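Asker: sequence first, then the predicted structure, then my questions.
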Amino acid sequence: MSQASIQPQTPDPISVKIATDDGYQLAGSEYRPATAESNGNAGTAAAPGHGIGVVINGATGVLRQYYDGLARFLCHQGFTVLTYDFRGIGGSRQHAPGAPVPTMLHWGQRDMDAALSFFIERHPQLLVKGIGHSIGGQLLGVLPDNNRYHGFLNIASQHIYWKNWPLRDRALTAAFFFGVLPLFYKSVGGLPKWVLGAEYLPKQVARDWSRFGRNKAYIADEQGQPLRQGFSDYRGRMRFYAMADDRRFAPPACVRELEKLFSSADTEVRVLHPHDYDMKAIDHFGFFKKSMHQRAWQESADWLAQPA
């Protein structure tokens, strides 16, 4: 009974389309908690997440379906939850003629903005909080008016400048950002699915990922100027989860470096050790698997339910 996969059934999500201001149709899934009338439970309105919405912003090349387990868990706790695919991947390839080619900056500046605006418009009564996995947490710093989020939970989100990795892993990280990514986006026009086991990444998305990792400027515009204002502007509560066994993508040192950029926020970093949750491994992706220990998800729900 301790695993997240063992939980009550929740209503299936509603498929939604989210229009961006530059011509994309993002595919989304909205999870709405059962009402007291529909499930016969008069206490539904008192559920911890009642009155709170959560938008889950995914990792690079990871489809929204990957977050279904956590989304259903939060929904059962009373939260209304939205997941979606960034432009250029999964169900979000549809776009109008003349729409710009996808970039990683567009994911934060336009897609995250469109998803949050869509959710607020649909649920003006809800206090909205966010979850970001990897790049989905990093890009909070370039999201316009990011204080619309009244709290943000970053899970394995990191500052990806290659020198932030521990020395033992730095050579492999440098090879990825300086070698692997440029090789593929220059030769085949993107990053194939088989390289990382995620979705195919369009050329400019892979290019942004590479340049963010190669340069100390990190997230920067096309001229190489760091984009920092949004990081320092965010004033909400933030929790950062770093996985102790995540060596390849988001080691704790990189998570702590990202936390430093949110200088005006009320932040905390928690390092999750697999043995603390009776797990053999968590790594970069394990937190969202349905085999993740329910206690970790419950701790997250409790944090999200706290007042802003």
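Answerer: That came through, no problem. Residues are numbered from 1 along each chain as shown.

Asker: burial count for the nearest residue to residue 177 once chain neighbours are set aside?
Answerer: In space, and not counting its chain neighbours, residue 177 is closest to residue 213: 3.5 Å by CB to CB, 6 or more residues apart in numbering. For glycine as for every other residue, the C-beta is placed from the backbone atoms N, C-alpha and C. When neighbours are counted by other CB atoms under 10 Å, residue 213 registers 21.

Asker: isn't residue 213 right up against residue 158?
Answerer: No - under the criterion of CB atoms under 8 Å, residue 213 is not in contact with residue 158, lying 10.2 Å apart.

Asker: give the contact list for the nearest residue to residue 220 once chain neighbours are set aside.
Answerer: For residue 220, ignoring the flanking residues on the chain, the nearest one in space by CB to CB, 6+ apart is residue 226 at 5.0 Å. The contact partners of residue 226, taken as CB atoms under 8 Å, 6 or more residues apart in numbering, are 217-220.

Asker: quick one: which two of those are the most distant?
Answerer: Longest distance between any two of those is 7.7 Å, between 217 and 219; criterion CB to CB.

Asker: can you list contacts of the host helix or strand of the residue nearest to residue 177?
Answerer: Element membership of residue 213 [criterion: DSSP states H and E] is helix 203-214. Contact with helix 203-214 is made by 60, 88, 101-105, 107, 135, 160-162, 173, 176-178, 181-182, 184-185, 189-191, 201, 218-220, as judged by CB under 8 Å, 6+ apart.

Asker: so for stretch 89-99, what gets flagged as buried?
Answerer: By 16 or more other CB atoms under 10 Å, the buried positions in stretch 89-99 come out as 89-92, 95.

Asker: which pair in those spans the largest distance?
Answerer: The largest separation in the buried residues of stretch 89-99, counting by CB to CB, is between 90 and 95 at 13.4 Å.

Asker: contacts made by stretch 123-133 with the rest, please.
Answerer: Applying CB under 8 Å, 6+ apart, the contact partners of stretch 123-133 are 51-59, 62, 67, 70, 80, 116, 119-120, 137-140, 148-157, 287-288, 300, 304, 308.

Asker: circling back to that earlier point, who has more neighbours out of residue 217 and residue 219?
Answerer: Per other CB under 10 Å, whichever of residue 217 and residue 219 has more neighbours is residue 219, with 25 against 16.

Asker: how near is the more buried one to residue 197?
Answerer: Separation of residue 219 from residue 197 (CB to CB, to the nearest Å) stands at 24 Å.

Asker: got the residue ranges for the strands in the stretch 151-300 of the chain?
Answerer: Using DSSP state E, counting those that start in this stretch, the strands of the stretch 151-300 of the chain run over 152-155, 190-191, 201-202, 237-243, 266-272.

Asker: just those strands: most buried one?
Answerer: strand 152-155 (a mean of 26; mean count of other CB atoms under 10 Å).

Asker: how far does that strand sit from the chain's center?
Answerer: Counting by CA atoms, centre = their mean, to the nearest Å, strand 152-155 is centred 8 Å from the centre of its parent chain.

Asker: by contact count, what packs against that strand?
Answerer: Secondary-structure packing of strand 152-155 (3 or more CB pairs under 8 Å, 6 or more residues apart in numbering; DSSP states H and E): strand 127-133, helix 135-138, strand 237-243, helix 294-305.

Asker: render the CA-only coordinates of that strand in CSV, please.
Answerer: Provided in CSV are the C-alpha atoms of strand 152-155 (Å, rounded to 0.1, in the frame of the first residue of the first chain):
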residue,chain,number,x,y,z
PHE,A,152,6.4,26.5,-7.7
LEU,A,153,7.7,23.0,-7.2
ASN,A,154,10.8,22.2,-9.2
ILE,A,155,11.6,18.5,-9.6
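
Asker: check what contacts that strand and list those residues.
Answerer: Defining contact as CB under 8 Å, 6+ apart, one finds that strand 152-155 is touched by 129-134, 137, 140, 234, 236-241, 255, 258, 287-288, 300, 303-304.
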